[in-house]
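Colleague: Need coordinates for the following:
(one chain, ligands or ions: 1)
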Amino acid sequence: MRITYRSHGGNQAYWQERWEQAPADSGGLNLAAYPGRFAAEALAGTEGPVLEAGCGLGRVLRHYHGQGREIIGLDFIADALAKIRTQEPELPLLAGDVTGLPFADKSFAAVLAFGVYHNLPQGVAEALSECRRVLTKGGVLCVSVRADNLHNRCIDWLAARQARTAPGEAKVFHKANFRADEFAGLLRGAGFRLRIMHFVENYPLLYKFRVFRAADHKHFDEGLARAEGYRLSSLGHGLQALSNRFWPAQFCTTIVAIAEVA
Ligand SMILES: C[S@@+](CC[C@H](N)C(=O)[O-])C[C@H]1O[C@@H](n2cnc3c(N)ncnc32)[C@H](O)[C@@H]1O
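Modeller: This next block holds a predicted model:
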């Protein structure tokens, strides 16, 4: 696992600031894009309660709650949960940490965990075991993490250029990055059988440049991007599709794994 550092932030402080600034999610979820597409794939054919670990502002959670699915959201940023409550007061939510889930063994038929485990500076294997503990036999985990590949190394190089730390200034943990084989090994070690791994372009490098963004995304609007996906122009989409077609593991941003309790 490769660790990415930044000049400021850190895990909990980063999310606190990010969710304070972001508007509440609209409740829309694009089922053709990340993460909706993968949540739908993982939950197809499952029955029983679902946990969304690291639910953030609740775009996934709210969608399934609206469909009548029994689902609970957990996140360690209480302010994000408060934003969800202003929209959906009756939605089950719990403030807590994914490294110690406050649920009994075998409580859930499925766990959705999008973009959570790469926020842990250490203890990812233990957190995955914790996730397995709360799943029933045959229960399904859908998990995404930041990929350790050429694409994200370019992003990190750009970010390091833009925010050089002053001499003597400490760098802080930003994200853990995983190679596909490495993450598959972690899932196996935690007692999961891998069903499928997808190489996904969520927030592609090209989206950083206005010229490659879809017409209605030229002005950055996090709420829109989170509801629709980080949509590119035809040119941007073509370039991204080409690189993803030939080198998916190197040009994706995110690895999405769907696994079941072995
Ligand atoms: C990338 S966001 C994803 C939010 C949501 N799953 C979605 O796809 O919209 C990651 C979320 O994980 C939460 N998180 C990070 N580390 C966590 C931890 N140790 N325990 C609980 N939540 C955590 C953050 O607060 C944030 O809301």
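Colleague: What residues of stretch 117-135 count as buried?
Modeller: For stretch 117-135, a neighbour-count test (16 or more other Cβ atoms under 10 Å) marks 117-120, 124, 127-128, 130-135 as buried. (Each C-beta comes from the backbone N, C-alpha and C, glycine too.)
Colleague: and what of stretch 222-232?
Modeller: 224-232.
Colleague: likewise stretch 234-249?
Modeller: Neighbour-count burial for stretch 234-249, counted by 16+ other Cβ under 10 Å, picks out 236-237, 239-240, 243-244, 248-249.
Colleague: Tabulate those residues (CSV), appending pLDDT.
Modeller: Listed next are the buried residues of stretch 234-249 as CSV, based on pLDDT from 0 to 100:
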residue, pLDDT
Gly236, 88
His237, 87
Leu239, 88
Gln240, 83
Ser243, 82
Asn244, 81
Pro248, 89
Ala249, 91
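Colleague: just those now: which is nearest His217?
Modeller: Distance to His217, by Cβ to Cβ, is smallest for Gly236 among the buried residues of stretch 234-249, at 9.8 Å.
Colleague: That closest one in helix, strand or coil?
Modeller: State at Gly236, reduced to three classes by DSSP: H, G, I helix; E, B strand; the rest coil: helix.
Colleague: now swap in Asn152 and tell me
Modeller: Recorded secondary structure, Asn152: helix (three-state DSSP).
Colleague: Tell me who's in contact with it.
Modeller: For Asn152, the contact set (Cβ atoms under 8 Å, 6 or more residues apart in numbering) comprises 4, 146, 177, 253.
Colleague: pLDDT below threshold where in the stretch 151-262 of the chain?
Modeller: The stretch 151-262 of the chain contains residues with pLDDT under 70 at 162-170.
Colleague: again, only this time at 90
Modeller: For the stretch 151-262 of the chain, the stretches flagged by pLDDT under 90 are 151, 154-174, 201-212, 216-232, 236-248, 251.
Colleague: try the stretch 1-150 of the chain
Modeller: In the stretch 1-150 of the chain (pLDDT under 90), the answer is 4-14, 18, 21-30, 32-33, 121.
Colleague: So which residues on it come close to the ligand?
Modeller: 11, 15, 35, 54-56, 59-60, 75-77, 80, 97-99, 114-116, 119-120 (Cβ under 6 Å from any ligand atom).
Colleague: PyMOL command for the buried members of the residues you listed?
Modeller: Restricted to buried positions by 16+ other Cβ under 10 Å, the PyMOL selection for these reads:
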select buried, resi 11+15+35+54+55+56+59+60+75+76+77+80+97+98+114+115+116+119+120
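Colleague: Could you list which of the residues of the stretch 1-150 of the chain next to the ligand belong to strands?
Modeller: Of these, the ones assigned to strands by DSSP state E are 75, 114.
Colleague: Next, format the buried residues of stretch 117-135 as JSON lines and append distance to Lys106.
Modeller: Compiled in JSON lines, the buried residues of stretch 117-135 are given as follows (distance: Cβ to Cβ, whole Å):
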{"residue": "Tyr117", "distance to Lys106": "21"}
{"residue": "His118", "distance to Lys106": "26"}
{"residue": "Asn119", "distance to Lys106": "26"}
{"residue": "Leu120", "distance to Lys106": "23"}
{"residue": "Val124", "distance to Lys106": "22"}
{"residue": "Ala127", "distance to Lys106": "18"}
{"residue": "Leu128", "distance to Lys106": "16"}
{"residue": "Glu130", "distance to Lys106": "13"}
{"residue": "Cys131", "distance to Lys106": "12"}
{"residue": "Arg132", "distance to Lys106": "10"}
{"residue": "Arg133", "distance to Lys106": "8"}
{"residue": "Val134", "distance to Lys106": "7"}
{"residue": "Leu135", "distance to Lys106": "7"}
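Colleague: now, which of those lie within helices?
Modeller: The helices, defined by DSSP state H, take in 124, 127-128, 130-133 from these.
Colleague: right, and out of the residues you listed, which lies closest to the ligand?
Modeller: Ala127 (7.5 Å; Cβ to the nearest ligand atom).
Colleague: How far does stretch 138-147 sit from its chain's centre?
Modeller: 9 Å (Cα atoms, centre = their mean, to the nearest Å).
Colleague: Alright, that wraps it up for me.
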